[in-house]
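A.B. asks: just need the structure, nothing else, for what follows:
(one chain, ligands or ions: 1)
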Amino acid sequence: MKVLIVGAGPTGLTLAVELARRKIFAKIIDKRDSASTLSRAVGITSKSLELLSHSGVSKKLIEEGVPIQTACIYRGSHLALTMPLHSSSSYFPTILGLPQDRTETILAESLASKGVQVEYKLALNTFREEAQYVVAQFSNNEEENFDLIIGADGVHSVVRQNANIPYPGFDLKELWSIADVEVDDWPHPQTFTLAQIKSGVVVVSVPIGKNRYRFVASCEKALEAFPLPLRIHKVRREGIFKISIRQARSYSKGRVHLAGDAAHCHSPVGGRGMNLGIADAAELARCIAEGQLDRYSALRHREDRKVIDITEHGRKIVTEQSFLSKIEFSALLAAANHLPFIKRRLSRFVVEF
Ligand SMILES: Cc1cc2nc3c(=O)[nH]c(=O)nc-3n(C[C@H](O)[C@H](O)[C@H](O)COP(=O)(O)OP(=O)(O)OC[C@H]3O[C@@H](n4cnc5c(N)ncnc54)[C@H](O)[C@@H]3O)c2cc1C
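C.D. replies: Next comes the predicted model:
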């Protein structure tokens, strides 16, 4: 079977690895000059590690990543909740912190060890479907026939647009910010911290390496917004970004299938963006190998929808100023502080979600 994967982000790479271990060797292309060096998604869930364990990728991710042991929630600079992050029923007991470029490098190395190299500097321009195959046209003006084209080409997916698959949803008005920094003497190196500094603004910090942390905030200056003292040694990267909440109406149309950000996007609350792409890719590889492609779209659309809805609910609780959101957040903190079984369930939910 001839498969073209457009995009070598975490989704495309996972799909290529999962196909290669089943002896289906896809062509995988990316329009970038070389592998990305951006740290974008930093939390790898236990579910993703389980999915990537069959190829040996998880072992390497676990060797390099930071196991996040505790979650602390602040309201202003007041510590409102401390919670161990642990689940004994999942593949890995907690969430792993690792910059996305390292995850991608480990996936690409695994792929290369199976005999497949990413073809960089090659973009898909367009494609047309014929009765027996689909014809891809590339940026080098060459054309090639494939049985399947997979759009793992991110939010602005050319594959999705060419297939005329709607991507309904909405864009949030506010700007969010991100900072990737080295910090000296941070007293809680394996802790996920969420601080609600005033109604409507939330700042999160995640450990992603030795003395290295990712800050994300629902305002324009993540580092300034963080309410606890920080001794910043070096700012590696800072930026602002906008958030959209969207999901493709269908993930499949004829010989074309979508996965990852090409199929859905949502807020970073919950840190699930990359993890959903990994889950889509693992399922798509299974469906291709087992001849069940007709099931892929409905299966993943439903699962992703659940996560997008929960993530949206979480974002509203911590960032919206409505009376209901404030009450819900306060009630959750009070319940977790006073009822140990609620704290355990919340911890398991965060790890297994
Ligand atoms: C600032 C920022 C912070 C984030 N933080 C988090 C986080 O903390 N946790 C989390 O889970 N997620 C986070 N995300 C989201 C996460 O990065 C994405 O969900 C993830 O990268 C999606 O992977 P993907 O492979 O589907 O798409 P992408 O990573 O976008 O990869 C798509 C690839 O396709 C290539 N491409 C596009 N068009 C073409 C074409 N026509 N031909 C060939 N190649 C093409 C692109 O060059 C790109 O390499 C963050 C994103 C951003 C921007």
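
A.B. asks: surely residue 73 touches residue 192?
C.D. replies: No. Residue 73 is not in contact with residue 192 according to CB atoms under 8 Å; the separation is 9.3 Å. (C-beta placed from N, C-alpha, C; glycine too.)

A.B. asks: per-residue confidence at residue 91?
C.D. replies: Residue 91 is assigned 91 on the pLDDT scale.

A.B. asks: again, but for residue 348
C.D. replies: On the pLDDT scale, residue 348 gets 86.

A.B. asks: burial check on it, number of neighbours?
C.D. replies: Residue 348 has 16 neighbours, counted by other CB atoms under 10 Å.

A.B. asks: try residue 30
C.D. replies: 24.

A.B. asks: quick one, what contacts the residue lying closest to residue 233 once chain neighbours are set aside?
C.D. replies: Nearest-residue entry for residue 233: residue 182, 4.4 Å, with adjacent residues in sequence omitted and distances by CB to CB, 6 or more residues apart in numbering. Residues near residue 182 by CB atoms under 8 Å, 6 or more residues apart in numbering: 211-213, 232-234, 236.

A.B. asks: torsion angles phi and psi at residue 182?
C.D. replies: Residue 182 has phi and psi values of phi -100, psi 130 when expressed as degrees, to the nearest 10.

A.B. asks: beta partners for it?
C.D. replies: Going by DSSP bridges, residue 182 is paired in beta bridges with residue 212, residue 234.

A.B. asks: quick one: it from residue 278, how far?
C.D. replies: As for residue 182, its distance to residue 278 is 27 Å (criterion: CB to CB, to the nearest Å).

A.B. asks: related to what we said a few turns ago, now, of the contacts of residue 182, which are buried?
C.D. replies: Using 16 or more other CB atoms under 10 Å as the burial test, these include 212-213 as buried.

A.B. asks: which of the contacts of residue 182 lies closest to the ligand?
C.D. replies: residue 213 (12.0 Å; CB to the nearest ligand atom).

A.B. asks: can you read off the pLDDT for that closest one?
C.D. replies: 94.

A.B. asks: surely it is in contact with residue 190?
C.D. replies: No. Assessed by CB under 8 Å, residue 213 is found out of contact with residue 190, at 11.1 Å.

A.B. asks: overlap of the contact sets of these two?
C.D. replies: Joint contacts of residue 213 and residue 190 (CB under 8 Å, 6+ apart) are residue 207.

A.B. asks: how close does the closest residue in space to residue 319 that isn't next to it in sequence sit to residue 267?
C.D. replies: Distances taken as CB to CB, 6+ apart place residue 218 nearest to residue 319, at 4.8 Å, with adjacent residues excluded. Applying CB to CB, the value for residue 218 to residue 267 is 8 Å.
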